[in-house]
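*Asks:* I would like to see how this sequence folds:
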Amino acid sequence: MAYRRPPLSRRGSGVRTRSGRSRFGRGISLRFIPIILFGVYLAYYWFANQENVPITGRSQLIDISREQEEALGLQSYQDILSRSAVLTDGEVVDQVRSIGRKLVDAARIEGIDPGFEWEFNVIRSDQANAFALPGGKVAVYTGLLPIAENADGLSAIMGHEIAHAIARHGAERMAYQKLIRIGSMAAALVVGDMGYSAQKAVMGAFGVGSQYGVLLPFSRKHETESDFIGLRLLARACFDPGEAPKLWQRMAEHAGRNSGSEFMSTHPSPQTRIEQFEAWLPEARELGMKNCSNTRSGRGQRTFKP
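*Replies:* Numbers count the residues shown, from 1 in each chain. Take a look at the predicted model:
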């Protein structure tokens, strides 16, 4: 009886080919187990850690407690202040703290009270910058005051920063960075038996995709959301919302050609922000008229003198 050589592989049989790998069987399944496990973990992690952003109602991913977030913010804030020239008194300090208190009171009227111990400080520096850290720790650099120009302009800046804190954007950003780290580890396991060049290409593509497809657009979404919330807060606090687009026109002039491409930036371009503020102004003005009928907006039109 003539000997017949068995086929090297059968469809769906899991029998290995001459290369030692199954085309449809165990080999490929093992390679993609990390991705499958990551997908299962991602689904659980996503649905188990959802919150809603105040005012906008957007669902967000947060996996640390407010207490943990506040502790991280306080530590960073104290570190920054210890290395900075902090102004302890004076007209500018009084104005910044007064505006901050009015904006926080406006947030409470909106039903937002995260229980933060708000703190507002002024740092003498040529930087045109301001920030708010988790837990309500806010600082304004004196280099930003000529661009803010007046109390209404500064309320747009501080309202934006306060919005970052109450929307817990810092905690949300940390959660997404955690997901990307886990995804990177899963991808590294999948490409582990590829050649060095192939591994480098795949991991490089993963890194670029994460940066430009997830982190940067997500950061710009945070900035837009903070602009919207901040505009609502300043209108309710009886500042002039019409100053917000004017502020960003001044920001654009200050940035000049150094603003760069929006696609590669963590922030929307000044022109994008101006257009967004113009679209939101009717609602903000209506809110201001409804809540501030006896208060004159623009009460802080005097130019700052840091």
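
*Asks:* contacts, neighbours, all on C-alpha from now
*Replies:* Noted.

*Asks:* Could I get the full set of helices for the stretch 101-250 of the chain?
*Replies:* For the stretch 101-250 of the chain, applying DSSP state H, counting those that start in this stretch gives helices covering 145-148, 151-166, 169-190, 196-210, 216-236, 243-255.

*Asks:* What residues of the fifth one count as buried?
*Replies:* By that I understand helix 216-236. For helix 216-236, a neighbour-count test (16 or more other Cα atoms under 10 Å) marks 216-220, 222-236 as buried.

*Asks:* which outside residues touch that helix?
*Replies:* Helix 216-236 is contacted by residues 55-56, 103, 106-107, 155-164, 167, 169, 173, 240-241, 244, 263-268, 273, 277, 280, 284-285, 287-288, 291-292 when judged by Cα atoms under 8 Å, 6 or more residues apart in numbering.

*Asks:* Alpha carbons only: can I get that helix in CSV?
*Replies:* Output in CSV follows, covering the C-alpha atoms of helix 216-236 (Å, rounded to 0.1, in the frame of the first residue of the first chain):
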residue,chain,number,x,y,z
LEU,A,216,-3.7,66.1,22.6
PRO,A,217,-7.3,66.1,21.3
PHE,A,218,-8.4,65.1,24.8
SER,A,219,-6.4,68.0,26.3
ARG,A,220,-8.0,70.4,23.8
LYS,A,221,-11.4,69.1,24.8
HIS,A,222,-10.6,70.0,28.5
GLU,A,223,-9.6,73.5,27.5
THR,A,224,-12.8,74.0,25.5
GLU,A,225,-14.9,72.7,28.4
SER,A,226,-13.1,74.9,30.9
ASP,A,227,-13.7,77.9,28.6
PHE,A,228,-17.4,77.2,28.5
ILE,A,229,-17.7,76.6,32.3
GLY,A,230,-15.5,79.6,33.1
LEU,A,231,-17.6,81.9,30.9
ARG,A,232,-20.8,80.8,32.6
LEU,A,233,-19.2,81.4,36.0
LEU,A,234,-17.9,84.9,35.2
ALA,A,235,-21.3,85.8,33.8
ARG,A,236,-23.1,84.6,36.9
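
*Asks:* Hey, what's the angle from that helix to helix 243-255? Just curious.
*Replies:* For helix 216-236 and helix 243-255, the angle between their directions (axes from the mean of the first three to the mean of the last three Cα atoms, to 10 degrees) works out to 130 degrees.

*Asks:* same question for helix 216-236, mean pLDDT?
*Replies:* In this model, helix 216-236 has a mean pLDDT of 85.

*Asks:* angle of that helix against helix 151-166?
*Replies:* 130 degrees.

*Asks:* which non-adjacent residue is nearest residue 62?
*Replies:* residue 172 (5.0 Å; Cα to Cα, 6 or more residues apart in numbering).

*Asks:* Can you check the pLDDT for the one you found?
*Replies:* At residue 172, pLDDT is 89.

*Asks:* Use 280 as the first number for this chain going forward.
*Replies:* That works, and once the first residue is 280, the last one we named lands at residue 451.

*Asks:* Just give the number of residues close to it.
*Replies:* When neighbours are counted by other Cα atoms under 10 Å, residue 451 registers 20.
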